[in-house]
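> Pasting a predicted model and its sequence here:
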Amino acid sequence: MYCGQRIIASLLSFWLALLCWESHAEPLKINGSTTVNLPVAEAAEVLRGKYAMQIHVDTQGGSSGGISMLGENQVQIGTSSKPLSVSDRKKFPAVNFQETRIGLDAVALVVSRDVWESGIKSLSKLQVRDIYEGKIKNWKQLGGKEQQIVFFNKEPGRGTWEVFAKWLYGDTKLAPPVRHPEVGGNEEARTKVSSSRGAISPLSSSWADGKEVFALGIRSEANEIVYPSTQNILANKYPISRSLYLLTNGPPMGNTKLFIDFMLSREGQALVSKHGYLPLASGQ
Amino acid sequence: MLFQNKSPIALYSWFSTVFLLGSMGMFLFVFVYQSIPGLAHSKLSFITGDVWYYRSELFGAGAMILGTLLVAWVGLLIAVPIGIGAAIFTSEILPAKLRILVKITIELLAGIPSVIYGLLGVLFLRNWVYKLLTPFDPLSGDTVLTAGLLLGIMILPTIMTMADDALRNVPAAQRLAARGLGLNRAETICLIVLPQARAGIMAAILLAFGRAVGETIAVFLVIGRQDNRWPESLFSLRPLFEAGQTMTSKLGGSEVNIAYGDTLHWGAMMSLGLVLLIIVGLVTHLSARLIKCGAVHA
């Protein structure tokens, strides 16, 4: 009995101590898109060093994960590489979503090395649509070598997928059901494309390094090929581009405001361009 | 007799039991309650239908259930012969000290977190399987076969330790009697010991099957996550060389995030979880009954 009382007393005091410690400092929690994560994670590092802030950055579930975790009040900032839709707002009616743009990005169609070296350097929108719907199954049909096309589709809810589907069909709801292997974030897409023959996948253009995966140009109706280079994206010539967002519930305050102001400042925008995206000041 | 003992320990254990049963019961109730919209919408086509496309509100989990069973079957195909063989070796042939050493090592393997297996699968197994299957022209190294192989390695320690325990439970007197009657070691093992340990070994296989069915992260990383692949013939090997989807890889993916807030979609995800729960529950229950049977016989 005496021993039991001791154990219970020490357990209780441990729990109380844990409660006190937890309520002491409220860290800033950020979650969402793997695309936006690159500059955000580095900004968090800088702020941690400068102001000794506690910031947790995560990429669970991509852009949709960012939106739903913000909606459920599990994070203070949700990062997203797709704009908020009406259904997103309807799902969380009590939340006052506020979008803060921090940069611009393009979605490229990347292919593996063997496809690039077999001569395929660009595709038209119709060809991409036929690949997506499974009507074209071999690179031979597009002028490349004899190799079956492996299209790695992005998981539902990924910002990259929604931008890609919107470009192909005008509205994500019009996209038909397809049978393709799926990948999650940008990292997984790049790994799987680079390690499979005949692979193609939508990927944020800054991740196409030209060493493992190669970004195709888009052939317009006028037979003009546009590659996802910085100039083309800025000049609005590359058709598949999107804004990068930081989402908050209501206008940002406190630590949240500190972080967002940093991202919009010159230092933060330098981080955005460092990771291959386009900063806001470039005329958008 | 149950209510006579009023000491603090007895009261504490009563309280804990009631709390545990109550919370598990509530959890199950909430689970079943939330899956009703999904089941009501799809009815029987939830299990037989093979198209899962949430944007058109089509929820057919047939291809996923098949994927789960295929992956578990490949895993068992690898783990059962090797596991039972290893168990026979450790329980019948190894001297006692070596046996303890081997058993400890195997049980350490059983304790490795499944995400480690998953990462090793992504780093090595995917590429090996991709090279191996080149004559069949797979899309990538992510196939049902890869997931099955990985699962086989994961459930091997479970089968081995439990089969070893089952074999040890056969009394030594049986082996002595067999030797006395002139049977050699191989005959003793095959004709006397194995049949008597049958119940325990079946329980081991069932438990390993339950674990294989419920394994999420390792399968998620290497199976390719391709929906709606119903094979032309149920007896062909082709589905093994293609990417697939299991119930766990769907539940471990991003659709759960999207489904939140949408009653129908969330109900469908919960129903998927319910089907998984029922399968694993049945298998575990059968396994427990077999262990009891085995103990009674011995």
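Everything's here; your move.

> Residue B:66 reaches residue B:228, doesn't it?
No - taking contacts as CB atoms under 8 Å, residue B:66 lies outside contact range of residue B:228: 11.2 Å. From N, CA and C alone the C-beta is placed, and that goes for glycine too.

> how about the residues of the stretch 151-284 of chain A near chain B?
A:152, A:155-158, A:172-173, A:175, A:177, A:179-184, A:191-192, A:195-196, A:199 (CB under 8 Å from any CB of the partner chain).

> Out of these, list just those in strands.
Judged by DSSP state E, strands contain the following of these: A:182, A:183, A:199.

> If we only consider these, which is nearest to chain B?
If you rank those by distance to chain B using CB to the nearest CB, residue A:182 comes first, at 4.1 Å.

> Quick check: the closest one vs residue B:197, distance?
43 Å (CB to CB, to the nearest Å).

> tell me the strands in the stretch 151-284 of chain A, going along the chain?
A:153-154, A:182-183, A:199-204, A:213-215, A:217-219, A:225-226, A:241-249 (DSSP state E, counting those that start in this stretch).

> Could you list the residues in contact with the second one?
Defining contact as CB atoms under 8 Å, 6 or more residues apart in numbering or on different chains, one finds that strand A:182-183 is touched by A:152, A:153, A:154, A:155, A:189, A:192, A:201, B:224, B:225, B:226, B:227, B:253.

> try the fourth one
Residues external to strand A:213-215 that are found in contact with it (CB under 8 Å, 6+ apart): A:108-113, A:115-116, A:190, A:193-194, A:203, A:205, A:207-208, A:227-228.

> Show the buried residues in those residues.
Buried by 16 or more other CB atoms under 10 Å in any protein chain shown: A:108-112, A:115-116, A:190, A:193-194, A:203, A:205, A:207-208, A:227-228, out of those.

> Taking those residues, tell me the two that lie furthest apart.
Using CB to CB, the buried ones among the contacts of strand A:213-215 span at most 19.2 Å, a distance reached by A:194 and A:227.

> what residues does the stretch 1-150 of chain A put near chain B?
Counting by CB under 8 Å from any CB, the stretch 1-150 of chain A sits next to chain B at A:1, A:4, A:60-62, A:64-65, A:68, A:71-72, A:91-92, A:148, A:150.

> Recalculate using a threshold of 6 Å.
A:61, A:64, A:65, A:68, A:91, A:150 (CB under 6 Å from any CB of the partner chain).

> Rebuild these as CSV, extending it with pLDDT.
Formatted as CSV, these follow (pLDDT from 0 to 100):
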residue, pLDDT
A:61, 83
A:64, 87
A:65, 87
A:68, 88
A:91, 85
A:150, 93
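
> Filter those residues down to the ones in helices?
Of the residues of the stretch 1-150 of chain A next to chain B, the ones assigned to helices by DSSP state H are A:64, A:65, A:68, A:91.

> closest to chain B among those residues?
After measuring these against chain B - CB to the nearest CB - the closest member comes out as residue A:91, at 3.7 Å.

> dump the residue contacts of the closest one.
Counting by CB atoms under 6 Å, 6 or more residues apart in numbering or on different chains, residue A:91 touches residue B:261.

> try 10 Å this time
A:67, A:68, A:71, A:85, B:258, B:260, B:261, B:262 (CB atoms under 10 Å, 6 or more residues apart in numbering or on different chains).

> With residue B:34 instead?
Going by CB under 10 Å, 6+ apart, the list of residues near residue B:34 reads B:263, B:266, B:267, B:269, B:270, B:271, B:273, B:274.

> can you do 8 Å?
Residue B:34 neighbours (CB under 8 Å, 6+ apart): B:266, B:267, B:270.

> The second one against residue B:36, yeah?
Yes - the criterion here is CB under 8 Å, and residue B:267 meets it with residue B:36 at 6.5 Å.

> Can you select the buried ones among the residues of the stretch 1-150 of chain A next to chain B for me in PyMOL?
Buried members of the residues of the stretch 1-150 of chain A next to chain B, defined by 16+ other CB under 10 Å, are picked up in PyMOL with:
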select buried, chain A and resi 61+64+65+68+91+150
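
> Need the max-distance pair from the residues of the stretch 1-150 of chain A next to chain B.
Maximum distance among those (CB to CB): 33.6 Å, for A:91 and A:150.

> which stretches of the chain have low pLDDT?
Going with chain A. Within chain A, the stretches with pLDDT under 70 are A:1-2, A:19-25, A:281-284.

> if you could check chain B rather than the one you did, that'd help
Using pLDDT under 70, chain B drops low at B:1-5, B:294-298.

> Residues of it that sit close to chain A?
So far as CB under 8 Å from any CB goes, chain B lies against chain A at B:8, B:51, B:53-56, B:58, B:122, B:126-127, B:130, B:137, B:139-142, B:224-229, B:243, B:253-255, B:257-258, B:260-262.
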